[in-house]
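Q: fold the following for me, if possible:
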Amino acid sequence: MNWKLFIARRIYKNKEEGEKSVSKPAVRIAIAGIAIGLAVMIISVAVVIGFKHEVRDKVIGLGSDILITSLDEAQSYQVTPIVGDDSLMSILKDMPGVKHVQRYATKPGMIMTSDNFQGIVLKGVGQEYDMSFLQRHLIEGEIPVFTDSVSSSQALVSKAIADRLGVKVGDKLYTYYVENNVRARRLTVAGIYQTNFSSYDDLFLLTDLRTVVRLNSWKEGQVGGLEVSVDDYARLNETNEQLLLFFNERTDKYGGKYYSQTVEEVYPQIFAWLGLLDVNVWVILILMVGVAGFTMISGLLIIILERTNMIGVLKALGADNTSVRKVFLTLAVFLIRKGMLWGNVLALACCGVQYFFHPIKLDPAVYYIDAVPIELNVWIWLLLNIGTLVVSVWMLVGPSYLISCILPARSIRFE
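A: Numbering: from 1, shown residues only. Modelled structure (predicted):
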């Protein structure tokens, strides 16, 4: 049997049995430091990953991964239509990396009631539009069937607009659109949704594509743009470059030019904000590993000083410095392992409570979500555990050289 492992295990078990020892409080503090540090790291990473994915999925759910519009609209912010007929839709769907394609059109306008008014953007969608995101955020009513061939005269309204105007499901909305003259449309509230994404909830009403196209007086086949979903978000830029290459120098039958941009280009401020969260995580990881490592260093030094007599005896029996150092590094691994066990238990318990019961809330007007999200990634969790173990042991290698300074003749008499 490996005698170094045997001695380290005996020392560790003696501590567990409650042997009177000066190092006992220091060891407990070191274990607590490892546990708290690892727990904070796991919780921080789980919260940041969950938050980034929740916000990203919400932004994508309200639009799509890639937006295809007119080049003029991308440069001047004016609503300029492009042709989005069935033939173009079929070509795009067959492209590698493209999962789904859907058409839309928008028209700015205003809702007026007897005592209030509200500026809006009417968004028309066709029958191929993916309603799964809005279905998850529907709080009242139902989602009607929208098409590009029949005007339904129905609309989905956000809770923010409904509360501001005092309307409910089944009520009539009188909307007005000003261009060369004033045009009016009466829409029935079919459902009310709430995404907590204020820039969308405060403006958009959803109705059928035909209504918006007719309000814009567009020609046959023209739409406001195309929303493209990708199979793999990691290859978003690659898919967008493929679309840009496809639309390069391509014009529709009315002379309109196409332009493609990713959701990260459409909302740069949001994704830049999410990118800053990674910096915060790295700061937390470095601080927590440092705290855990230094508490373990202090604990190991106290244990070495307390065991000076034993070190002298081992050296007198022929053990070299390297072998004695391995005894105490092995002991440190046992202590780190115990701290990591408690840290994982604490982190998983906190994450589980937040995931299932959401006790910690957020202001959706600021953070776009109403509770702190949790997303545990198994590979990142394993990496954090392995990294904590490796870094903590590596930090103890230097202090363990103190053993080389202990002389057998003096240390055997050490009390």
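Q: and the strands in the protein?
A: Counting by DSSP state E, the chain has strands at residues 66-70, 82-83, 98-112, 117-125, 138-141, 154-158, 172-178, 182-193, 204-208, 222-223, 225-230, 258-262.
Q: just send those strands back as CSV, with mean pLDDT, distance to Ser323 and mean neighbour count too.
A: C-betas here are computed from N, CA, C, even on glycine. Written out in CSV, the entries for the strands of the chain read as follows (pLDDT from 0 to 100; distance: least, C-beta to C-beta, whole Å; neighbours: other C-beta atoms under 10 Å):
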stretch, mean pLDDT, distance to Ser323, mean neighbour count
strand 66-70, 92, 62, 24
strand 82-83, 92, 76, 24
strand 98-112, 92, 60, 20
strand 117-125, 90, 73, 20
strand 138-141, 94, 68, 15
strand 154-158, 94, 71, 25
strand 172-178, 90, 83, 16
strand 182-193, 92, 69, 17
strand 204-208, 93, 72, 24
strand 222-223, 92, 77, 24
strand 225-230, 95, 57, 22
strand 258-262, 93, 59, 21
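Q: could those strands be laid out in JSON lines, adding distance to Pro399?
A: Below are the strands of the chain laid out as JSON lines (distance: least, C-beta to C-beta, whole Å):
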{"stretch": "strand 66-70", "distance to Pro399": "54"}
{"stretch": "strand 82-83", "distance to Pro399": "67"}
{"stretch": "strand 98-112", "distance to Pro399": "54"}
{"stretch": "strand 117-125", "distance to Pro399": "64"}
{"stretch": "strand 138-141", "distance to Pro399": "59"}
{"stretch": "strand 154-158", "distance to Pro399": "60"}
{"stretch": "strand 172-178", "distance to Pro399": "72"}
{"stretch": "strand 182-193", "distance to Pro399": "59"}
{"stretch": "strand 204-208", "distance to Pro399": "61"}
{"stretch": "strand 222-223", "distance to Pro399": "68"}
{"stretch": "strand 225-230", "distance to Pro399": "51"}
{"stretch": "strand 258-262", "distance to Pro399": "50"}
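Q: need the contact list for the nearest residue to Trp381 once chain neighbours are set aside.
A: The shortest distance from Trp381 to any non-neighbouring residue, by C-beta to C-beta, 6 or more residues apart in numbering, is to Ile42 (6.4 Å). Residues touching Ile42, when contacts are defined by C-beta atoms under 8 Å, 6 or more residues apart in numbering, comprise Gly343, Asn344, Ala347, Leu348, Cys351, Leu376, Trp381, Leu384.
Q: could you give the number of residues near the last one?
A: I take that to be Leu384. Burial of Leu384, expressed as a neighbour count using other C-beta atoms under 10 Å, amounts to 24.
Q: same check on the fourth one?
A: Here the count is done by other C-beta under 10 Å, and Leu348 has 17 residues near it.
Q: top of the contacts of Ile42 by neighbour count?
A: Gly343 (29 neighbours).
Q: can you tell me how far that one sits from Glu140?
A: Note on Gly343: its distance to Glu140, by C-beta to C-beta, to the nearest Å, is 44 Å.
Q: next one: Tyr355
A: Taking C-beta to C-beta as the measure, Tyr355 falls 26 Å from Glu140.
Q: repeat that for Leu382.
A: Counting by C-beta to C-beta - Leu382 and Glu140 are separated by 43 Å.
Q: re the thing from before, ok, which of the strands of the chain comes nearest Asn2?
A: Among those, the nearest to Asn2 by C-beta to C-beta is strand 225-230 (53.8 Å).
Q: how about residues contacting that closest one?
A: Counting by C-beta under 8 Å, 6+ apart, the neighbours of strand 225-230 from elsewhere in the structure are 60, 63-70, 73, 82, 84, 88-89, 92, 97-105, 130, 236, 239, 243, 260.
Q: residue contacts, Tyr129?
A: Residues near Tyr129 by C-beta under 8 Å, 6+ apart: Gln102, Arg103, Tyr104, Phe146.
Q: cool, and Lys168?
A: So Lys168 contacts Glu140, Ala162, Val189, Ile192 (C-beta under 8 Å, 6+ apart).
Q: centroid-nearest residue for this protein?
A: With the centre of the chain defined as its mean C-alpha position, the nearest residue by C-alpha atoms, centre = their mean is Lys52, 2.1 Å away.
Q: pLDDT score for the residue nearest to that one when sequence neighbours are not counted?
A: Sequence neighbours aside, Leu274 is the residue nearest to Lys52 in space, at 5.0 Å (criterion: C-beta to C-beta, 6+ apart). At Leu274, the model reports a pLDDT of 86.
Q: what's the local residue count around Leu274?
A: Once other C-beta under 10 Å is used to define contacts, Leu274 is seen to have 18 neighbours.
Q: my guess is it meets Gly50, correct?
A: No: taking contact to mean C-beta atoms under 8 Å, the distance of 11.8 Å between Leu274 and Gly50 leaves them out of contact.
Q: the helices in the stretch 151-300 of the chain, which residues?
A: Counting by DSSP state H, counting those that start in this stretch, residue ranges of the helices within the stretch 151-300 of the chain are 159-165, 198-201, 209-216, 236-247, 263-266, 268-306.
Q: with distance to Arg337 as new columns, can the ones you listed be given to me in a markdown table?
A: Conversion of the helices of the stretch 151-300 of the chain to a markdown table gives the following (distance: least, C-beta to C-beta, whole Å):
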| stretch | distance to Arg337 |
| --- | --- |
| helix 159-165 | 50 |
| helix 198-201 | 47 |
| helix 209-216 | 61 |
| helix 236-247 | 41 |
| helix 263-266 | 41 |
| helix 268-306 | 12 |
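Q: select, out of those, the one closest to Ile36.
A: Across the helices of the stretch 151-300 of the chain, the minimum distance to Ile36, taken as C-beta to C-beta, is reached by helix 268-306, at 7.8 Å.
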